[in-house]
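Asker: Sequence and predicted structure below; questions after.
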Amino acid sequence: MSRGLDDDDLDVDLTDPVLASEAELAFEGALRPRSLAEFVGQTRVRGQLQLLLTAATLQQRTPDHILLAGPPGLGKTTLAMIVAHEGGRPLRMSSGPAIQHAGDLAAILSSLVPGEVLFIDEIHRMARSAEEMLYLAMEDFRIDIMVGKGAGATSVPLDLAPFTLVGATTRSGLLPNPLRDRFGFTAHLEFYDEAELEQVLSRAARMLGLAVDGEALAEIAGRCRGTPRIANRLLRRVRDYALVHGRDADVEAVRAALDLYDVDALGLDRLDRAVMQTILTRFGGGPVGLNTLAVSVGEESETIEAVVEPFLVRIGLITRTPRGRVATPAAWRHFGLAERAPEGAATLPIDDL
Ligand SMILES: Nc1ncnc2c1ncn2[C@@H]1O[C@H](COP(=O)(O)OP(=O)(O)OP(=O)(O)O)[C@@H](O)[C@H]1O
């Protein structure tokens with residue numbers, strides 16, 4: 001879900017969980033945990049994955065297909081790499097948007113080697129025809145290839161090497177049931193709590209050779225949207241700040257650096273703030289429907305639903321009601337506004353939930 005922004009552009013939202021530039025990707029690659037033991041947090045998912053991988057090793061078979069669901073930047077790609085690495089298996093990486101025809105998928109599947117892990121990011125964005133091909137491939141390690149056209153077309157079965165599919169999605173609700181049912185295990189990744197983020201940060205600081213005290217780590221952990229990707233990115237900016245100003249990366253430096261980049265005390269990014277301001281000031285606190293909200297802030301409803309909303313709900317700034325999104329008293333307080341009764345909101349079209 002990259003928006004293709006440049007990380008070195010000062011105008012960029014550091015707290016955008018889907019932002020990824022070349023520099024960012026290289027940095028992320030270096031910091032990625034290589035084993036489940038190194039992977040911080042998500043204790044339940046880690047335990048479940050460990051069991052699944054160990055059982056497969058004991059039975060000398062490929063692990064079941066795995067679906068990783070959750071907002072961007074929480075470690076789905078990292079976990080896919082770990083699944084391959086822990087089992088000593090090769091990894092092939094692709095993504096839903098890159099698979100726009102069944103032929104694209106057939107080319108990948110037919111070239112897999114036995115035991116290979118196939119990672120498909122944003123699997124919900126794959127073409128429908130490819131999705132259907134995947135059903136048979138996942139179940140029977142076989143695909144049917146159509147040869148010829150029109151009345152003379154015939155389907156030729158092709159056996160595949162056994163493989164493990166790891167699918168990642170920010171929107172598991174968009175996956176058709178037949179596809180979802182073919183995964184042996186679905187992991188729902190949650191936002192990280194502050195203690196876990198401090199662990200992610202202190203590991204990254206160690207790897208960067210940066211001395212950061214506990215208070216400074218806690219300050220960054222509180223402002224990174226519960227997301228390791230953002231934690232690491234903020235840490236990098238704090239390192240820059242300390243370097244340029246020739247000072248320690250202490251809590252004062254963290255505050256100054258993050259204020260400079262407009263990262264507020266809750267870590268809200270520009271889009272989060274735009275959504276909140278819209279609900280609060282334009283719709284009197286709500287309720288407001290998803291599509292109306294998306295149009296008002298000029299963003300796709302998919303991004304609002306998969307990226308913005310889960311975090312705002314999690315930190316208690318909005319609630320979802322049957323009539324739409326509603327700002328909580330904490331939201332009014334955070335934005336320094338006096339809570340008021342919804343004006344006219346009830347007469348607005350509630351487009352969907
Ligand atoms: N549990 C973790 N412990 C330590 N670092 C982590 C953890 N999870 C993620 N990270 C770090 O956060 C960065 C982003 O993780 P990753 O690319 O796996 O997220 P993602 O969920 O696949 O995101 P997207 O859906 O946008 O591709 C990586 O650099 C990784 O080092």
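Answerer: All right, it came through fine. Note that this is a predicted model, so its numbers are computed, not measured. Numbers count the residues shown, from 1 in each chain.
Asker: How is the chain divided into domains?
Answerer: For the chain, automatic domain parsing gives the domain ranges 42-188, 194-260, 270-340.
Asker: Quick one: closest of those domains to Glu28.
Answerer: domain 194-260 (6.8 Å; C-beta to C-beta). Where C-beta positions appear, they are placed from N, C-alpha and C, glycine not excepted.
Asker: got JSON lines for the domains of the chain, with mean neighbour count too?
Answerer: Output for these, formatted as JSON lines (neighbours: other C-beta atoms under 10 Å):
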{"stretch": "domain 42-188", "mean neighbour count": "17"}
{"stretch": "domain 194-260", "mean neighbour count": "19"}
{"stretch": "domain 270-340", "mean neighbour count": "18"}
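Asker: Kindly state which of these is positioned closest to Leu31.
Answerer: With C-beta to C-beta as the measure, domain 194-260 is the member of the domains of the chain nearest Leu31 (5.3 Å).
Asker: For the closest one, what is the distance to the chain centroid?
Answerer: With C-alpha atoms, centre = their mean, to the nearest Å as the basis, domain 194-260 stands 21 Å off its chain's centre.
Asker: same check, this time on stretch 167-185
Answerer: With C-alpha atoms, centre = their mean as the basis, stretch 167-185 stands 15 Å off its chain's centre.
Asker: coming back round to it: the domains of the chain into CSV, with extra columns for distance to Ala30 and mean pLDDT?
Answerer: Output for the domains of the chain, formatted as CSV (distance: least, C-beta to C-beta, whole Å; pLDDT from 0 to 100):
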stretch, distance to Ala30, mean pLDDT
domain 42-188, 12, 92
domain 194-260, 7, 92
domain 270-340, 25, 89
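Asker: Tell me the spacing between the residue nearest the centre of the chain and the ligand.
Answerer: With distances taken as C-alpha atoms, centre = their mean, Pro72 lies nearest the centre of the chain, 1.5 Å away. In this view, Pro72 and the ligand are 3 Å apart by C-beta to the nearest ligand atom, to the nearest Å.
Asker: Can you pull the residues of the stretch 151-300 of the chain lying near the ligand?
Answerer: Taking C-beta under 6 Å from any ligand atom as the contact definition, the stretch 151-300 of the chain meets the ligand at 168, 200, 228-229, 232.
Asker: from the residues you listed, which ones fall inside strands?
Answerer: Ala168 (DSSP state E).
Asker: follow-up on the earlier one: and the domains of the chain as JSON lines, adding distance to Leu31?
Answerer: Below are the domains of the chain laid out as JSON lines (distance: least, C-beta to C-beta, whole Å):
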{"stretch": "domain 42-188", "distance to Leu31": "9"}
{"stretch": "domain 194-260", "distance to Leu31": "5"}
{"stretch": "domain 270-340", "distance to Leu31": "21"}
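Asker: quick one, which of those domains is nearest to Gly29?
Answerer: Gly29 lies closest, by C-beta to C-beta, to one member of those: domain 42-188, at 9.5 Å.
Asker: What is the end-to-end distance of the closest one?
Answerer: 9 Å (C-alpha to C-alpha, to the nearest Å).
Asker: Then stretch 273-288?
Answerer: End-to-end for stretch 273-288, by C-alpha to C-alpha: 16 Å.
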